[in-house]
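the amino acid sequence is not available; the structure is as follows:
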């Protein structure tokens, strides 16, 4: 079974803090994704990586950056957290093929 | 970014009833996926469809890839309490690994 692990289930951060969300997959998948999920808006793609050190912007990249130094790890970075970044963040990976998701990180920015 | 039109937004049904939901898009997709999400968890893949007209089952779940490539349907037969959750469709165009997701159908089973 594919395992996608997100390092934190819940995070509370202060406005202006730099925040790192970590994601690790154990299936040697090429593709990794970061989504944001908000009620009524579904899942929206923030960033996508198709190889180490390669990345593409998704639909809502503003305020976020990513890092993929190793194939198994994909980090989402909020350079200066704001309250409108309070959300559920979901990481996914695929070979290519059908993405498998982690359990999510619920981030609250106060 | 584009989003798919998924309907209905929510369903309240009694245990044992059948369920139908669908997604439509203005664009053609090469792949349709259906996911289920339970509270506090990430989406779990239920069914993947790769060919127009394809009909695929996974237990009590059946999904179809519309022949126009712009829609997909998910049916759940004889619903049980553990079917409760949010169901998402997702589509992927040819040559692109990025999925577009529907806004979800929240399924509630009335005791």
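Here it is on my side, so go on. Being a predicted model, the structure only gives us computed values, none of them experimental.

contacts, neighbours, all on C-alpha from now
Noted.

ok, then the element right after the longest strand belonging to chain A?
Determined from DSSP state E, the single longest strand within chain A is strand A:42-51. Moving toward the C-terminus from strand A:42-51, the next helix or strand (DSSP states H and E) is strand A:54-57.

sheet-wise, list the partners of the helix or strand just after that following strand with their directions.
Where DSSP H and E defines the elements, the next helix or strand beyond strand A:54-57 is strand A:64-70. Note on strand A:64-70: by DSSP bridges, its sheet partners are strand A:73-78 (antiparallel).

for the partner strand, the averaged confidence score.
For strand A:73-78, mean pLDDT rounds to 97.

show me the contact partners of it.
The contact list for strand A:73-78, computed with Cα atoms under 8 Å, 6 or more residues apart in numbering or on different chains, reads A:18-25, A:32-34, A:63-68.

now the buried members of those residues.
Listed as buried from these are A:19, A:21-25, A:32-34, A:64-68; burial here means 16 or more other Cα atoms under 10 Å in any protein chain shown.

beta partners of the residue nearest to residue A:21 when sequence neighbours are not counted?
Once flanking residues are discounted, residue A:21 sits nearest to residue A:76: 5.0 Å by Cα to Cα, 6 or more residues apart in numbering or on different chains. On the basis of DSSP bridges, residue A:76 is bridged to residue A:21, residue A:66.

next, give phi and psi for residue A:95.
phi -70, psi -60 (degrees, to the nearest 10).

from the buried ones among the contacts of strand A:73-78, which is closest to residue B:33?
Taking Cα to Cα as the measure, residue A:33 is the one of the buried ones among the contacts of strand A:73-78 closest to residue B:33, at 16.0 Å.

for stretch A:93-110, measure first residue to last.
Distance across stretch A:93-110, first residue to last, is 30 Å (Cα to Cα, to the nearest Å).

you'd agree residue A:53 is up against residue A:67?
Yes: counting by Cα atoms under 8 Å, residue A:53 does reach residue A:67; the two are 7.0 Å apart.

near chain B, which residues of chain A show up?
Chain A comes close to chain B at residues A:40-44, A:48, A:59, A:90, A:96-104, as judged by Cα under 8 Å from any Cα of the partner chain.

just the buried ones out of the residues you listed, please.
With neighbours counted by 16+ other Cα under 10 Å, those contain buried members at A:42-44, A:48, A:90, A:98-104.

could those go into CSV alongside pLDDT?
Converted to CSV, these look like this (pLDDT from 0 to 100):
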residue, pLDDT
A:42, 85
A:43, 91
A:44, 92
A:48, 94
A:90, 97
A:98, 86
A:99, 90
A:100, 92
A:101, 95
A:102, 95
A:103, 95
A:104, 96
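
any idea how far the residue nearest to the spatial centre of chain A is from chain B?
By Cα atoms, centre = their mean, the mean C-alpha position of chain A lies nearest to residue A:34, the distance being 3.2 Å. Distance from residue A:34 to chain B, counting by Cα to the nearest Cα, to the nearest Å: 11 Å.
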